[in-house]
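*Asks:* Okay, here's the prediction I keep looking at, along with the sequence it came from:
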Amino acid sequence: MQLYSFFNSSTSYRVRIALALKGLPADYHGVNIRTGEHRAPGYAELNASRVVPTLVDGDFTLGQSMA
């Protein structure tokens, strides 16, 4: 699994906790939202809503839901 997140994001923090509690390894990829990395075209291809966190497991991509 690949986890794209920002270290200071509360949502990203909860995802990291859930992965740790489940014992699931994930490669961490930092996305600095303070410098606008989440708006870069490369990240937009990964997550169309351009928010963090984004969890990628093979062909499945899961992003933050505002609901």
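*Replies:* Here it is on my side, so go on. What you see is a predicted model; the values in this text were computed from it and never measured. Numbers count the residues shown, from 1 in each chain.

*Asks:* tell me the contacts of the closest residue to residue 11 other than its chain neighbours?
*Replies:* Closest residue in space to residue 11, ignoring its immediate chain neighbours: residue 64 at 5.4 Å, by Cβ to Cβ, 6 or more residues apart in numbering. All C-beta atoms are positioned from the backbone trio N, CA, C, and that covers glycine. Contact analysis of residue 64 by Cβ atoms under 8 Å, 6 or more residues apart in numbering lists 11, 49, 51-54.

*Asks:* Now, the residues you listed that are in strands?
*Replies:* Residues of the contacts of residue 64 located in strands (DSSP state E): residue 54.

*Asks:* one step back: and the residue nearest to residue 11, how close does it get to residue 3?
*Replies:* Noted for residue 64: a distance of 12 Å to residue 3, by Cβ to Cβ, to the nearest Å.

*Asks:* Pull up the overlap in contacts between the two.
*Replies:* 53-54.

*Asks:* And the pLDDT for the residue nearest to residue 11?
*Replies:* If you check residue 64, the pLDDT there is 81.

*Asks:* swap in residue 31?
*Replies:* 95.

*Asks:* Pretty sure it sits against residue 37.
*Replies:* Yes. Using Cβ atoms under 8 Å, residue 31 is in contact with residue 37, at 4.9 Å.

*Asks:* So for those two, which sits in the more crowded spot?
*Replies:* Using other Cβ atoms under 10 Å as the criterion, residue 31 and residue 37 rank with residue 31 on top: 25 against 16.
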